[in-house]
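# Predicted model follows, preceded by the sequence.
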Amino acid sequence: MRARLASGLLALAVGAVGCDKSSERGAAPTPTSRSEAVVATGARTTAQPPATAHPVAPKAPKRLCATAPAAAGVQLPRMKVDHLEATGGASVGDRIPTGGRWTWVNLWAAWCGPCKEELPLLRSFEQRLAAAGAPVHLAFVSLDDDERQAIKLLDSQPPGGLRASFWLKDGKMREGWLAELRLKTDMQLPQQLLFDPSGALRCVIDGAVDAGDYEQLRAVFSRR
């Protein structure tokens, strides 16, 4: 009787050991990293989520002609200026037109990248303004020192593009013309100078304009 009982206990122990081994074979592998341990145990983690970039606020739209320039009311200089033309092209004359309508003077140079890039846009603005009942005199005034470089650019323009320009030569004429409008000789280019129908300076825009500026400019040129 005792022998049978001992034999039964021994068999039960062996069976228990066998169940443990089979469960070990079926168990999930021991986690080898903290992230695996979290998944395996369902434990909560205090790790912070990846930082997200804060949204960048959109730039406020440019406000053109919101403040009067330092030389507001000064008349467009009436002195004679030089001129440049593409090879075989017609001259613009030696006086910048003024009076009767707004005059938009664009100060540019052939070495100025933004100046060259905005030329087609200015031409298109000129046509749109005329169609909208707000025509302007659009006068291009070169501040180039190298005449050949400026003419090369004019030669490269397509029909209907900028083929002729007024020209402020380096020296006393340029200095005097800019001084009347309180502009520096080493200013940023391009510059936009807007003169009302009486010939008085009303707005100075530093830098190039872009397509989104049309409506603001039309509103300015619609004033009398």
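Right, received. Where do you want to start? Bear in mind the structure is a predicted one, so any value in this text is a computation, not a measurement.
# any idea which element the nearest residue to Leu138 once chain neighbours are set aside lies in?
Using Cβ to Cβ, 6 or more residues apart in numbering and skipping the chain neighbours, the partner closest in space to Leu138 is Glu126 (4.6 Å). Where C-beta positions appear, they are placed from N, C-alpha and C, glycine not excepted. Assigning secondary structure by DSSP states H and E places Glu126 in helix 113-131.
# thinking again about what came up before, which residues touch the residue nearest to Leu138?
By Cβ atoms under 8 Å, 6 or more residues apart in numbering, the contact set of Glu126 is Trp104, Val136, Leu138.
# The second one: neighbouring residues, count only.
Translated: Val136. As a burial measure, Val136 scores 20 neighbours (other Cβ atoms under 10 Å).
# Adjust the sequence numbering to begin at 490 for everything that follows.
In the new numbering, first residue 490, that becomes Val625.
# Distance-wise, check it relative to Ala668.
Separation of Val625 from Ala668 (Cβ to Cβ, to the nearest Å): 25 Å.
# could you show me where the helices are in this protein, in order?
491-515, 523-530, 602-620, 636-645, 661-669, 703-710 (DSSP state H).
# that older thread, how near is the residue nearest to Leu627 to Arg590?
Taking Cβ to Cβ, one finds Glu615 at 12 Å from Arg590.
# Overlap of the contact sets of these two?
Residues touching both Glu615 and Arg590 by Cβ under 8 Å, 6+ apart: Val625.
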